[in-house]
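K.L.:
pasting the structure only:
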């Protein structure tokens with residue numbers, strides 16, 4: 001059976017991703033995907049995309065709002081743009097999207113199947129079934145508006161789709177994974193993200209099989225009119241539904257700023273200490289990338305964890321926003337110089353790895369390994385101190401947000417804009 005990975009609360013956020021960030025997300029998402037596939041293969045990428053904790057952390061390290069529902073749209077959009085020219089090399093195809101793009105998913109899958117020689121029609125049917133289960137069989141108060149279908153050349157796939165509840169200003173993200181899927185009607189979800197909205201009618205649960213059978217029998221023997229009359233005549237409360245199985249639950253808070261309780265401090269200290277310890281050894285001798293400084297190595301330590309970390313490492317997605325900040329100045333403006341250096345280092349490492357020179361990618365892996373080893377004893381600044389330092393240095397890093405360039409904002413109103 002497909003496994004469930006957990007659930008999470010996702011506050012609904014409006015707004016848009018500015019072009020200067022969307023372009024960088026496209027490049028960073030593509031090169032990180034290349035590195036993951038190089039190290040672990042396509043199937044592992046699909047498993048990660050089906051993990052709600054990893055997915056949220058992936059979006060946060062790209063500079064998106066770390067806690068919001070907008071990560072889903074922006075990450076899928078970045079992957080669709082960034083992986084399209086690499087589809088022949090990687091064998092990964094991203095279909096669907098938001099709104100009208102989601103409705104084009106079946107046609108895109110058929111086209112991919114025709115091009116590669118597998119049954120795209122069967123995948124299109126799977127896409128429709130996934131959407132139907134989450135919109136009709138799972139009645140949880142969320143209306144689907146986004147459907148992303150990621151498929152590999154050998155027909156394995158992950159689906160990430162999202163629904164919204166306008167009244168409660170909440171979103172719920174659903175993750176599917178074809179690996180181990182034997183039925184669309186017996187616990188098919190790899191994960192469901194979103195805040196609980198009370199009692200849920202879930203006909204896709206295997207425990208609902210008797211209910212599904214009984215509904216078909218009633219429809220066959222009574223007909224819809226007699227069923228409607230019998231239902232309207234009922235009085236009193238119905239019997240309670242059986243309790244849902246407990247799942248790990250990631251809570252994305254409503255507050256936009258990153259607070260101490262949002263970050264596991266020892267992990268952050270490990271990331272920073274590893275950057276200070278490994279950086280001089282590996283990056284001066286192996287990467288030799290002009291202009292790469294200590295701040296970029298700190299960002300790379302967090303990027304390396306997203307590429308190499310185990311599932312338990314992603315229970316605090318806010319920590320990964322400390323790599324490249326956020327477009328709304330939370331936890332701090334996006335440091336464009338650092339972001340571009342990160343992309344440059346990763347691109348160089350992946351390019352050389354494809355030519356058989358693994359030293360640079362191996363250096364990134366060692367950076368992540370060292371962070372784990374240093375966690376227990378590493379010391380470092382408090383989260384508040386770290387963020388304050390980032391705001392102070394932001395103009396020198398070409399910090400930018402949807403509000404403008406940080407240097408201009410701080411000149412215009414130093415006290416107001418030093419911290420969000």
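P.N.:
Yep, it's here. Since the structure is predicted, the reported quantities are computational estimates derived from the model, not experimental observations. Numbers count the residues shown, from 1 in each chain.
K.L.:
surely residue 172 and residue 142 touch.
P.N.:
Yes: using CB atoms under 8 Å, residue 172 is in contact with residue 142, at 4.5 Å. In this view, the C-beta of every residue, glycine as well, is placed from N, C-alpha and C.
K.L.:
which secondary structure element of this protein has the lowest mean pLDDT?
P.N.:
None of the helices or strands of the chain scores lower by mean pLDDT, DSSP states H and E than strand 201-202, at a mean of 42.
K.L.:
what is the burial count for the closest residue to residue 396 other than its chain neighbours?
P.N.:
Sequence neighbours aside, residue 337 is the residue nearest to residue 396 in space, at 8.0 Å (criterion: CB to CB, 6 or more residues apart in numbering). Counted with other CB atoms under 10 Å, residues neighbouring residue 337 total 15.
K.L.:
ok, now which ones touch residue 337?
P.N.:
396, 397, 398 (CB atoms under 8 Å, 6 or more residues apart in numbering).
K.L.:
ok, now how distant is it from residue 283?
P.N.:
16 Å (CB to CB, to the nearest Å).
K.L.:
tally of neighbours for the nearest residue to residue 70 once chain neighbours are set aside?
P.N.:
Spatial nearest neighbour of residue 70, chain neighbours left out: residue 13 (4.8 Å); criterion: CB to CB, 6+ apart. Using other CB under 10 Å, residue 13 is surrounded by 17 other residues.
K.L.:
for the stretch 101-250 of the chain, which spans come out with low pLDDT?
P.N.:
Residue ranges of the stretch 101-250 of the chain with pLDDT under 70: 134-140, 180-250.
K.L.:
now do the stretch 301-420 of the chain
P.N.:
Using pLDDT under 70, the stretch 301-420 of the chain drops low at 415-420.
K.L.:
helices of that one, residue ranges please.
P.N.:
Chain-ordered helices for the stretch 301-420 of the chain, with DSSP state H, counting those that start in this stretch as the definition, fall at 321-324, 336-354, 359-374, 383-393, 406-412, 414-417.
K.L.:
looking at those, which is closest to residue 123?
P.N.:
Among the helices of the stretch 301-420 of the chain, helix 336-354 comes nearest to residue 123, with 28.3 Å by CB to CB.
K.L.:
buried residues in the closest one?
P.N.:
Residues of helix 336-354 classed as buried by neighbour count (16 or more other CB atoms under 10 Å): 336, 338-350, 352-353.
K.L.:
okay, and the most centrally placed residue in the chain sits in which element?
P.N.:
Centroid-nearest residue in the chain, with CA atoms, centre = their mean: residue 55, separated by 2.2 Å. Per DSSP states H and E: residue 55 is located in helix 52-61.
K.L.:
next one: residue 164
P.N.:
Applying DSSP H and E, one finds residue 164 within strand 157-165.
K.L.:
list the strands paired with that strand, with their directions.
P.N.:
When pairing is defined by DSSP bridges, strand 157-165 lines up against strand 143-152 (antiparallel), strand 170-177 (antiparallel).
K.L.:
burial count for the closest residue in space to residue 350 that isn't next to it in sequence?
P.N.:
Spatial nearest neighbour of residue 350, excluding adjacent residues (CB to CB, 6+ apart): residue 34 at 4.7 Å. Using other CB under 10 Å, residue 34 has 25 other residues around it.
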